[in-house]
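> sharing a model prediction with you, sequence too.
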Amino acid sequence: MISRAFLVLMFACAFSCSTTPRQPDTVSASKNQAADFTKAGNEAFNKGLYDKALESFYLALAYNVSVDNERGMASSYNSVGSVDMARGKYDDAMKSFNRAYALARKLNDPVLLVQTATKMGEVYLNTNQTEKATEKFMEAIKYKNDGIPEEDLAVLYHDLGSALKRLGKLDQALNYMNEALRINNRLKRYEEAASNHYMIASIYSEKNQFDAALENARLALENDKKVENTLGIAKDYLALGLISRKKGDIEDAFTYMKKTYEIYTALKLLYPTLSIELEIRSILKHLVETGTTLGLNDEVSRYKKLFEFYEKRLNP
């Protein structure tokens, strides 16, 4: 057993001996590890590498739990839930978000409350519970003057605009989308601005204002290219294709849609585990429909076979 005299000597030396190495701050070290894993998880998530993202987020959660960092735990639960939501596992996602929300309420943390309520609203939005989603977003927006980071407000405004669009309140939806866009442009958050432009294009398309819709779809593409957001680029080309087809420019539509398919094919080659089978099936269906209108029989035949392959794969 270490003697009391030895402990006193060591305690004194800790304050007086400049050469004594400082012991690491284990709490800070664990929080830093959690932050590092969260960053790695976000990078993987943004690339659509959900398995890798989930592994990193669970490790971040473990480090936060190990030092009882409740704010970090809430953020980690939100991250885990985001992966499940992206995979369509909405029940699992909501379980994680409920855990995060309970911690946010316990801490009375407006930032966490906004972040978590927004994500819960996104689950409702993805499961076609639009009115519930709108209620959750409106609950979150009550905290907008409580020191909420602008980037979180931009996400909230974007999501609320998406919900209002579904409810047919297009002008209100456009106002919130433009507010989100103003924030993201000011902060030079190009990927998020691209998402805003994408939705604004969708709203204008629904209003049959096709020139404005195409302009915003091109701005979405421009912003996604700035940050090499490959999945975003593919979706922007699809938006351009769908708007062009609706406008009556069928050849342009087919060209844009082929771009989307080529990007998805390249991504599957680079990242075989990337979960974009649903997206590939969808674009193949659009190519078959649009190619048939143009009378491109050979290409349509090839795309039909590919569509049937993915249809059987997704519905064995």
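Now that the structure is in, tell me what you want to look at. Numbers count the residues shown, from 1 in each chain.

> nearest residue to Leu219 other than its sequence neighbours?
Leaving aside its chain neighbours, Leu219 sits nearest to His197 (4.4 Å; criterion: CB to CB, 6 or more residues apart in numbering). C-beta here means a position set from N, CA and C on the backbone, and glycine is covered the same way.

> distance of the one you found from Phe210?
For His197, the distance to Phe210 (CB to CB, to the nearest Å) stands at 15 Å.

> quick one, what contacts Leu167?
Leu167 sits next to Thr130, Glu131, Thr134 when contact means CB atoms under 8 Å, 6 or more residues apart in numbering.

> so can I have a markdown table of those showing secondary structure?
What follows is the contacts of Leu167, written out as a markdown table (DSSP: H, G, I helix; E, B strand; the rest coil):
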| residue | secondary structure |
| --- | --- |
| Thr130 | helix |
| Glu131 | helix |
| Thr134 | helix |
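
> now the buried members of those residues.
Among the contacts of Leu167, those buried by neighbour count (16 or more other CB atoms under 10 Å) are Thr130, Thr134.

> closest to Ala102 out of the contacts of Leu167?
The shortest approach to Ala102 among the contacts of Leu167 belongs to Thr134, at 22.5 Å (CB to CB).

> isn't the closest one right up against Lys165?
No - using CB atoms under 8 Å, Thr134 makes no contact with Lys165, being 10.8 Å away.

> buried residues, the helix or strand hosting the residue nearest to Leu219. List them.
Using DSSP states H and E, His197 falls within helix 190-206. Under the neighbour-count criterion of 16+ other CB under 10 Å, helix 190-206 has 190-205 buried.

> got the contact list for the closest residue to Tyr261 other than its chain neighbours?
Spatially, and ignoring its direct neighbours in sequence, Tyr261 is nearest to Ile283 (5.0 Å; CB to CB, 6+ apart). The contact partners of Ile283, by CB under 8 Å, 6+ apart, come to Leu238, Met257, Thr260, Tyr261, Tyr264.

> the third one contacts Leu231, doesn't it?
The reference is to Thr260. No - at 10.4 Å, Thr260 does not count as touching Leu231 under the criterion of CB under 8 Å.

> more neighbours: which of the two?
Remark: of Thr260 and Leu231, Thr260 carries more neighbours, 25 against 17, as counted by other CB atoms under 10 Å.

> measure the residue nearest to Tyr261 to Leu296 for me?
Distance, Ile283 to Leu296, by CB to CB: 15 Å.

> again with Asp252
Shown here: Asp252 relative to Leu296, a distance of 14 Å by CB to CB.

> just say helix, strand or coil for Gly168.
Of the three states, Gly168 takes coil under three-state DSSP.

> again with the one 3 residues further on
Three-state secondary structure (criterion: three-state DSSP) places Asp171 in helix.

> what about Lys285, neighbour count?
When neighbours are defined as other CB under 10 Å, Lys285 has 15 of them.

> and the closest residue to it other than its chain neighbours, how far is that from Gly241?
Distances taken as CB to CB, 6+ apart place Phe307 nearest to Lys285, at 6.0 Å, with adjacent residues excluded. When distance is defined by CB to CB, Phe307 is 16 Å away from Gly241.

> sounds good, over and out.
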